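In: Below are the sequence and a predicted model; questions follow.
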Amino acid sequence: MADLVDVLPTEERIHPNGNLIRELNERSLKDPDGFWHGVADELFWYEKNGPAFEATKEPPYGKWFERWKTNLCVNCLDRHMTNGMKNRVAYYWEGEPGDRRPTPYAELSREVTRFAKVLKDLGVRKGARLTIYMPMIPELPIAMLATVRLGAIHSVIFAGFTAKSISERVNDSKSKLVITADGAYRRGKVIPLKPIVDEALKDTESVEKVLVVKRTANPIEMQEGRDLWYEEVAPQGNVYVEPAKVEGMHPSYILYTSGTTGKPKGATHSTGGYMTWLYFTQQAVFDLKDTDVYWCAADIGWVTGHSYIVYSPLLRGTTSIMYEGTPDYPAADRWWQIIERYGCTILYTSPTAIRMHMKLGEQHAQKHDLSSLRLLGTVGEPINPEAWKWYYKHIGKERTPIVDTWWQTETGGILITPAPGIALVPLKPGSATYPLPGVDADVYMDDGTVARPGEKGYIVIKKPWPGEFMTLWNDKERFDSVYFSRFKGVYYPGDYAMKDEDGYFWLLGRADDVLKVAGHRIGTIELEDALIAHPAVAESAVIGKPDAIKMQVPVAFVILRPGQKPSPQLRQEILNHVRTTIGPIAVPDALYFVEKLPKTRSGKIMRRVVGAVVAEKPVGDVTTLDDETSVEEAKRAYQELKAQIAAGKS
Ligand code: WTA
């Protein structure tokens, strides 16, 4: 660790704040029921029967607030109508073209009730599933909150995904209603969304109605009897819609995420535990004050947006910024302009965004007054020390701490992070520091023994925590096998990690066939399936290649069907096919036509060999090979693949 800078250096090996965090962690783990009961008491519940936490024999080995009753929307909005916060701005929303819409809590509450009335009139009831496919406009959180108000379950799909992703998710969740918009703005252009939904619905049977919010006014087709313009059916004036009283374990939403098979996993979150976890972490991590203007610059289509743009800031009555567009449109200083305009105090973003701004140059930030910032955060991928230091120096002006927050779609909220809202520990660029209270994290070696300080192993969470997902929608078996069987009885997140001598955790990236491309999770098998679906493709292998900005980019190897000839046109056609089946974020950075892929005797692709070729690393670096493959065979395969690539280039 000697080469890592301690930004807040301390005399002692473990800072007193580190001890404090660790003591609180121990206390919370000894008495989860008492600890989380105390936190939950600050929220609104219709009923509190029985314990906050009960251990169970089956994964995830615990239940939270099972016999308590609440409503997430009421806690996010109605609660603030009587606690002095109703006139506070909930969102300073800014559209990409420059339109602005500040929404105070009272107005947001009215809008959500209006939306809920429409949903209710369309027959939406407790437990119903709704698919939401929308741009970053206020109606997106409004639709989500209206859904949970009725006790219905939303499945939000990132607006960069395409028709096939939508139909797959609609079919898995059996949604009867889809909420979308006519289009979205992206880099000054209109991206039509409704036509993508129309395409998707050709392959679904459950959907009865499509509710369309107007954003871009591009011409779209409305299917008689199925499609409705939101504004045409929304009630005028004040309405009241009774919230559903739901149990702590009632699902609040499904969020599909990539795994190591072609089928996305429907991570299903609870209501009571999820809400309590977000309420707690938002304060512990961001140390919120009444005067804060907080900006989580993610997209609501991913879990970061669900948890830290929608639910947790609203639970805390925070004032947030919500921005529709891309960071460098119309100019490279757009973000810094937004920070100056609203006096943003907390910025929470991804390492990819930081590296992108780093590449654009600090002169854009220097044009603006960023002195309001007092805390910076990162999420979604490991942050490299260079990007950390750039962020610290040029955005935080060496004044603001950085919270590097480690978590996942499945964990519901942040698990490992500095927690200035409790006590700030000395920071080390690239380390997420210590687990929050409630999080029993450790690092295991391959054989399940505990890693020694400095040894690279796998992160595990040994006890349930309130924000933990409850299951995979329709697939309890996969839930058990993916997350709870790698090491018996503990949650396996699928990340490499290391703990240093100070007990700091270093999260080192995915240990499975899942890529992190610009912070987005993409399964290589999903990509391979999309490639094989092209009629010219016989076989494919996708591997992640290190990238200076996006961390990883997918690289594809393709074996063509007999009679097909490699050509630049065919390459483009296959890449376009990926763009239209999964979405632009998944398009491989390079595609190589090869005649043969290195395989083990049992027919598995030697991914490490392919990876070494792609990363232009010597095969000697390929340390752990399949048992059945000798180093000699791997080297031969490596040379052969390299030769094929070289031949293809000429
Ligand atoms: C990675 C995003 C290192 C990790 C919230 C995890 C991180 C995956 C960090 C989950 C971090 C997230 N440091 N790696 N601070 N935060 N990751 O589900 O590999 O989109 O497993 O959730 O992102 O991605 P997901």
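Out: Received the coordinates, thanks.

In: What segments of the stretch 1-150 of the chain are helices?
Out: Secondary structure of the stretch 1-150 of the chain by DSSP state H, counting those that start in this stretch: the helices cover 16-30, 32-40, 72-76, 105-121, 139-149.

In: Comparing those helices, which yields the minimum mean pLDDT?
Out: With a mean of 95, helix 16-30 has the lowest mean pLDDT of those.

In: contacting residues around the residue nearest the centre of the chain?
Out: The residue lying closest to the centre of the chain (C-alpha atoms, centre = their mean) is Val303, at 3.5 Å. With contacts defined as C-beta atoms under 8 Å, 6 or more residues apart in numbering, Val303 is in contact with Leu255, Thr257, Ala267, Gln408, Thr409, Gly412. Glycine gets a C-beta too; all of them are placed from N, C-alpha and C.

In: same check, this time on Ala217
Out: Contact partners of Ala217, counting by C-beta under 8 Å, 6+ apart, are Asp182, Gly183.

In: Does it belong to a helix, a strand or coil?
Out: coil (DSSP: H, G, I helix; E, B strand; the rest coil).

In: re the thing from before, for Asp547, see how far away the residue nearest to the centre of the chain is.
Out: Relative to Asp547, Val303 is positioned 22 Å away (C-beta to C-beta, to the nearest Å).

In: same check, this time on Glu66
Out: Plainly put, Glu66 is 45 Å away from Asp547 if you go by C-beta to C-beta.

In: Among these two, which residue is more densely surrounded?
Out: Neighbours of Glu66 and Asp547, each counted by other C-beta atoms under 10 Å, are more numerous for Glu66; the result is 19 against 16.

In: these two touch, right, the more buried one and Phe53?
Out: No. With contact taken as C-beta atoms under 8 Å, Glu66 and Phe53 are classed as non-touching, separated by 9.1 Å.

In: end-to-end on stretch 340-350?
Out: This stretch, stretch 340-350, spans 20 Å end to end (C-alpha to C-alpha, to the nearest Å).

In: And stretch 441-460, by the same measure?
Out: Taking C-alpha to C-alpha, the first and last residues of stretch 441-460 lie 6 Å apart.

In: And stretch 449-466, by the same measure?
Out: The first residue of stretch 449-466 is 26 Å away from its last residue (C-alpha to C-alpha).

In: try stretch 186-204
Out: Between the start and the finish of stretch 186-204 there is a gap of 28 Å, counting by C-alpha to C-alpha.

In: Report the secondary structure state of the nearest residue to Arg110 once chain neighbours are set aside.
Out: Distances taken as C-beta to C-beta, 6 or more residues apart in numbering put Asn238 closest to Arg110, at 6.7 Å, once the chain neighbours are dropped. Under the three-state scheme (three-state DSSP), Asn238 adopts coil.

In: Next one: the residue of the stretch 151-300 of the chain found nearest the ligand, what pLDDT does it get?
Out: The nearest approach of the stretch 151-300 of the chain to the ligand comes at Thr257, 5.3 Å away (C-beta to the nearest ligand atom). Reading off the confidence values, Thr257 has pLDDT 96.

In: Confirm for me that it is in contact with Ala267.
Out: Yes. Here Thr257 lies in contact with Ala267, judged by C-beta under 8 Å, at a distance of 5.6 Å.

In: between the two, who's got more neighbours?
Out: Counting neighbours by other C-beta under 10 Å for Thr257 and for Ala267 shows that Ala267 has the greater number, 23 against 20.

In: returning to that earlier point: which residues are in contact with each of Thr257 and Ala267?
Out: Going by C-beta under 8 Å, 6+ apart, residues that sit against Thr257 and also against Ala267 are Val303, Thr409, Glu410.

In: Which one of those is nearest to Ala353?
Out: Within the set of the shared contacts of Thr257 and Ala267, Val303 lies nearest Ala353; the separation is 16.3 Å, counting by C-beta to C-beta.

In: and that closest one, backbone torsions?
Out: Backbone torsions for Val303, taken as degrees, to the nearest 10, come to phi -60, psi -30.

In: Report the separation between Glu107 and Leu315.
Out: Relative to Leu315, Glu107 is positioned 18 Å away (criterion: C-beta to C-beta).

In: should've said Gln569
Out: With distances defined as C-beta to C-beta, the gap from Gln569 to Leu315 amounts to 52 Å.

In: likewise Ala441?
Out: As judged by C-beta to C-beta, Ala441 and Leu315 stand 24 Å apart.

In: ranges for the helices of the stretch 551-650 of the chain?
Out: 568-581, 607-614, 631-649.

In: and Trp390, which of those is closest to it?
Out: When the helices of the stretch 551-650 of the chain are ranked by proximity to Trp390, the top entry is helix 607-614, at 26.8 Å, counting by C-beta to C-beta.

In: contacts for the closest one?
Out: If you take C-beta under 8 Å, 6+ apart as the criterion, helix 607-614 is touched by 513, 541, 543-545, 555, 557, 597-598, 618-619, 621-622, 624-625, 634, 637-638, 641-642, 645.

In: hmm, which of those are the buried ones?
Out: Buried residues within these, defined by neighbour count using 16 or more other C-beta atoms under 10 Å: 513, 541, 543-545, 555, 557, 597-598, 619, 622, 625, 634, 637-638, 641, 645.

In: Out of those residues, list just those in strands.
Out: The strands, defined by DSSP state E, take in Ala541, Ile543, Gly544, Lys545, Val555, Phe557 from the buried ones among the contacts of helix 607-614.

In: Bridged to the fifth one, which residues?
Out: In this entry, Val555 is beta-bridged to Ile543, Ala590, by DSSP bridges.

In: Please tell me how far it sits from the ligand.
Out: Distance, Val555 to the ligand, by C-beta to the nearest ligand atom, to the nearest Å: 19 Å.

In: Looks like that residue contacts Pro546 (just checking).
Out: No. Checked against C-beta under 8 Å, the pair Val555 and Pro546 is beyond contact range at 10.4 Å.

In: Spell out which parts of the stretch 101-250 of the chain neighbour the ligand.
Out: Taking C-beta under 6 Å from any ligand atom as the measure of proximity, the stretch 101-250 of the chain makes no contact with the ligand.

In: In this structure Gly448 contacts Ser485, no?
Out: No. Shown here, Gly448 and Ser485 do not form a contact pair, counting by C-beta under 8 Å, at 11.7 Å.

In: Pull up the overlap in contacts between these two.
Out: Joint contacts of Gly448 and Ser485 (C-beta under 8 Å, 6+ apart) do not exist.

In: Flag every residue of the stretch 401-550 of the chain that's near the ligand.
Out: Applying C-beta under 6 Å from any ligand atom, one finds that the stretch 401-550 of the chain approaches the ligand through 404-409, 432, 493, 495, 507, 509-510, 516, 521.

In: What is the nearest of these to Pro32?
Out: Proximity of those to Pro32 (C-beta to C-beta) peaks at Trp407, which lies at 18.5 Å.

In: Please name the residues that touch the closest one.
Out: Contacts of Trp407 by C-beta under 8 Å, 6+ apart are Val379, Gly413, Ile414, Leu415, Ile416, Thr417.

In: before we move on, back to that, more neighbours: Glu107 and Leu315, which one.
Out: Ranked by neighbour count (other C-beta under 10 Å), Glu107 and Leu315 place Leu315 first, with 23 against 17.

In: Unless I misread the structure, that one falls within a helix.
Out: Yes. Leu315 forms part of a helix when assessed by three-state DSSP.

In: what's the closest non-adjacent residue to it?
Out: In space, Leu315 comes closest to Tyr279 once its chain neighbours are excluded; the distance is 4.6 Å by C-beta to C-beta, 6+ apart.

In: Now Trp506, what are its backbone angles?
Out: Per degrees, to the nearest 10, the backbone of Trp506 is at phi -120, psi 120.

In: picking up where we left off before, next one: the residue nearest to Arg110 from Ala143, what distance?
Out: Taking C-beta to C-beta, one finds Asn238 at 19 Å from Ala143.

In: Counting neighbours, go ahead and name the busier of these two.
Out: For Asn238 versus Ala143, the count of surrounding residues by other C-beta under 10 Å is larger for Ala143: 27 against 8.
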